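*Asks:* Below: sequence and its predicted model.
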Amino acid sequence: MNTKKVLEEAKELDKKYNIFITINENFDGKFPLAVKDNICTKDILTTAGSKILHNYYPVFDATAIEKLKKRGAGIIGKTVMDEFGFGTFSTNCAYKIPKNPHDPKRCCGGSSGGSAAYIAASKYAEFAIGQSTGGSITCPAAFCGVVGLTPTYGLVSRYGLIDYANSLDKIGVLAKSVEKASSCLQMIIGHDSKDSTSVKKKQGIQKKKITIGIPKEYFANVDKRIVVQVMKYVKKLEKDGFKVKKISLPHTKYAVPAYYIIALSEASTNLAKFCGLRYGLSYSSEEKGFNEYFSEVRTAGFGEEAKRRIILGTYVRMAGYRDQYYLKALKVRTLIIRDFKEAFKKVDVLIAPSMPMIAPKFSEIEKLTSLQQYTSDILTVAPNLAGIPQLSIPCGFVDKMPIGMQILGDYFREDDIIAVGKQVEKYG
Amino acid sequence: MLEKDLIKKLAKISRLNLTEPESKKFEKDIGQILESFKIIEKVDTKKIEPSFQPFEIKNITREDSVEKSLILEDALKNAEQREKNFFKGPRSV
């Protein structure tokens, strides 16, 4: 590995597409690893894309990073993301906004935008680390034309991840191929005593013939050209011996509100720890009162979307509203999980478009209201609420922009989605 | 639509100082978003238990024994406001 060339390329790509918050000048290793900036890397600036952590140098590596380093990974840099993961397009960024390597007038998708752009553009990197709460791997993978693998919740330790929403966050992979995504995942899975939600479970070993389910709710309100393209691939799979069945996931239309209520409730409590003490943005506080000081730091450190989400999250779990919003959303989540469980009694995997649109132009995103942006997550939030594994894989182009199909599997059945993904890859 | 006073109250308990234009913008955005959330009221969730996690996760306990932890210099490394071996913060009493 020519470390000098890798470093040069990273700098060049960063100039062109705004991929990195930090490039590691001391890069060295068997292979380059770009890491989403909300994952702690020892002695390398880790900001979670926020000004409130503009000076945070972790004294430890996240478990996933520690494991990868043992396999020879050298951290090439920390990638641009929406602040704390709060976005669908990687446009809610405190430092810079990444541009799509397929068309720099368009976004990379969020929130793992920088990691996806790096994999799309680099000659040297085969996989990068991303993280998903409600679709932050699938979306940028689809928009940038790379593979995105979001594992079952708990399969990869979250130790060292700067949380967005603990019951939803998963560290995962963006990669050049299904094979590379799968081999990176194998390096980072496993129970970790530092994350009590990480699981000991072994993944299944795929043997039998796979039946594919097509959930009808995931094809409504989607760019028709994307639907046509995804179905073309489904037809090819059918021709190659996969059984295809129509499926219904009836609670899909409630997934966006349920997701945002739960995610923002958790986010608003997680963000309470950023207060200008011990680490992160701080000022001299001698003349100031307790709350006055915290408010000053938080007001200066958080961007607009973070503030919006803190306020919304605080509202939906406030006394008097908690039952109406937060608890209700958690019950709707149960129904969404049941939808998937019912579906996986009949089929092994589900196939749907990854995103309802191709990567939008920055000029188009500007015109969207917050609600319209949230609604763009319609195809990714339900699988994330359920915590099932997801593989987004490129399946052709619309308007010269890549599109993705997502393959969803039952809990810990990464093997099934990887098997189907490898087949799809053969179609080119 | 959310009342202006409520946004102010939420900002205060979240320890955020909002400017007047920010307040106005949030009032509109958040009002719209909350309105869209109402759709879940229609779902029949009688007899349905809430899912705090994607699947049931058991509490894990361990012995409460003293283990190696951060050394002092590492613990203080990221603190800009410090005095001797202490974090320095605003007066609380």
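*Replies:* In hand now; what should we look at?
*Asks:* For residue 11, give me its contacts.
*Replies:* With no chain named, the answer covers chain A. Contacts here follow Cβ atoms under 8 Å, 6 or more residues apart in numbering or on different chains; on that basis A:Lys11 touches A:Ile23. Bear in mind the C-beta positions are built from the backbone N, C-alpha and C, glycine included.
*Asks:* nope, chain B please
*Replies:* Counting by Cβ under 8 Å, 6+ apart, B:Ala11 has contacts A:311, B:17-18, B:23.
*Asks:* Give me the nearest residue to the residue of chain A found nearest chain B, chain neighbours excluded.
*Replies:* Closest to chain B within chain A is A:Gly387: 2.7 Å, counting by Cβ to the nearest Cβ. Leaving aside its sequence neighbours, A:Gly387 sits nearest to B:Pro54 (Cβ to Cβ, 6 or more residues apart in numbering or on different chains; 2.7 Å).
*Asks:* per-residue confidence for the closest residue to A:Gly72 other than its chain neighbours?
*Replies:* In space, A:Gly72 comes closest to A:Lys30 once its chain neighbours are excluded; the distance is 3.1 Å by Cβ to Cβ, 6+ apart. Model confidence at A:Lys30, given as pLDDT, is 96.
*Asks:* Number of residues surrounding A:Lys30?
*Replies:* 10 (other Cβ atoms under 10 Å in any protein chain shown).
*Asks:* can you tell me which residues contact it?
*Replies:* A:1, A:71-74.
*Asks:* out of those residues, who has the most neighbours?
*Replies:* A:Ala73 (21 neighbours).
*Asks:* how deep is the residue nearest to A:Gly387 tucked in, by neighbour count?
*Replies:* So B:Pro54, with other Cβ under 10 Å, has 23 neighbours.
*Asks:* Which secondary structure state is assigned to it?
*Replies:* coil (DSSP: H, G, I helix; E, B strand; the rest coil).
*Asks:* count of neighbours near residue 82?
*Replies:* I'll assume chain A. 30.
*Asks:* could you do chain B instead?
*Replies:* The burial count for B:Arg82: 15, using other Cβ under 10 Å.
*Asks:* by contact count, what packs against whichever helix in chain B runs longest?
*Replies:* In terms of residue count, the longest helix belonging to chain B (DSSP state H) is helix B:20-37. Counting contacts by 3 or more Cβ pairs under 8 Å, 6 or more residues apart in numbering or on different chains; DSSP states H and E, helix B:20-37 packs against helix A:255-270, helix A:304-316, helix A:370-375, helix B:4-13.
*Asks:* Can I get the contacts of A:Lys30 in CSV including secondary structure and pLDDT?
*Replies:* Listed next are these as CSV, based on DSSP: H, G, I helix; E, B strand; the rest coil; pLDDT from 0 to 100:
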residue, secondary structure, pLDDT
A:Met1, coil, 78
A:Arg71, coil, 98
A:Gly72, coil, 97
A:Ala73, strand, 98
A:Gly74, strand, 98
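*Asks:* got the residues you listed as JSON lines, with distance to A:Arg298 columns?
*Replies:* Converted to JSON lines, the contacts of A:Lys30 look like this (distance: Cβ to Cβ, whole Å):
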{"residue": "A:Met1", "distance to A:Arg298": "42"}
{"residue": "A:Arg71", "distance to A:Arg298": "39"}
{"residue": "A:Gly72", "distance to A:Arg298": "40"}
{"residue": "A:Ala73", "distance to A:Arg298": "34"}
{"residue": "A:Gly74", "distance to A:Arg298": "35"}
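*Asks:* Surely A:Thr41 is in contact with A:Ile65?
*Replies:* Yes. In this structure, A:Thr41 is within contact of A:Ile65 by Cβ atoms under 8 Å, at 5.7 Å.
*Asks:* residues shared between the contacts of those two?
*Replies:* Shared contacts of A:Thr41 and A:Ile65, counting by Cβ under 8 Å, 6+ apart, come down to A:35, A:75.
*Asks:* and the gap between A:Asp416 and B:Glu3?
*Replies:* 50 Å (Cβ to Cβ, to the nearest Å).
*Asks:* Do you have the strands of the stretch 301-428 of chain A handy? List them.
*Replies:* A:349-353, A:390-398, A:401-409 (DSSP state E, counting those that start in this stretch).
*Asks:* Make TSV out of the ones you listed and add mean neighbour count.
*Replies:* Shown next, in TSV, are the strands of the stretch 301-428 of chain A (neighbours: other Cβ atoms under 10 Å in any protein chain shown):
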stretch	mean neighbour count
strand A:349-353	26
strand A:390-398	24
strand A:401-409	26
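*Asks:* Make CSV from those and add mean pLDDT and distance to chain B to it.
*Replies:* Below are the strands of the stretch 301-428 of chain A laid out as CSV (pLDDT from 0 to 100; distance: least, Cβ to the nearest Cβ, whole Å):
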stretch, mean pLDDT, distance to chain B
strand A:349-353, 98, 16
strand A:390-398, 97, 12
strand A:401-409, 98, 13
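*Asks:* Would you tell me which of these gets closest to A:Ser111?
*Replies:* strand A:390-398 (14.2 Å; Cβ to Cβ).
*Asks:* What is the burial count for A:Cys275?
*Replies:* So A:Cys275, with other Cβ under 10 Å, has 22 neighbours.
*Asks:* Run a quick check on it versus A:Phe294, I expect a contact.
*Replies:* Yes. At 4.6 Å, A:Cys275 and A:Phe294 qualify as touching, with contact defined as Cβ under 8 Å.
*Asks:* anything in contact with each of those two?
*Replies:* Residues touching both A:Cys275 and A:Phe294 by Cβ under 8 Å, 6+ apart: B:Arg15.
*Asks:* Could you pull up phi and psi at A:Thr211?
*Replies:* phi -100, psi 130 (degrees, to the nearest 10).
*Asks:* tell me, what residue is most central in chain B?
*Replies:* Centroid-nearest residue in chain B: B:Ser14, 7.8 Å away (criterion: Cα atoms, centre = their mean).
*Asks:* residues contacting the closest residue to chain A within chain B?
*Replies:* When scored by Cβ to the nearest Cβ, chain B has B:Pro54 as its residue closest to chain A, at 2.7 Å. Residues near B:Pro54 by Cβ under 8 Å, 6+ apart: A:153-154, A:167-168, A:337, A:385-388.
*Asks:* Could you list the low-confidence segments of chain B?
*Replies:* B:1-2 (pLDDT under 70).
*Asks:* Recalculate using a threshold of 90.
*Replies:* Across chain B, residues meeting the criterion (pLDDT under 90) sit at B:1-5, B:56-63, B:67-69, B:91-93.
*Asks:* One more: chain A?
*Replies:* Checking chain A against pLDDT under 90 turns up A:1, A:200-208, A:284-290, A:319-321, A:428.
*Asks:* so where do the helices sit in it?
*Replies:* Using DSSP H, helices in chain A cover A:3-17, A:63-70, A:113-121, A:138-144, A:178-188, A:224-239, A:255-270, A:290-301, A:304-316, A:328-346, A:362-366, A:370-375, A:381-386, A:414-426.
*Asks:* Who are the packing partners of the last one?
*Replies:* Put plainly, it is helix A:414-426. Packing contacts for helix A:414-426, counted by 3+ Cβ pairs under 8 Å, 6+ apart, involve strand A:147-150, helix A:178-188, helix A:224-239, strand A:349-353, strand A:390-398, strand A:401-409.
*Asks:* hmm, try it at 7 Å
*Replies:* helix A:178-188, strand A:349-353, strand A:390-398, strand A:401-409 (3 or more Cβ pairs under 7 Å, 6 or more residues apart in numbering or on different chains; DSSP states H and E).
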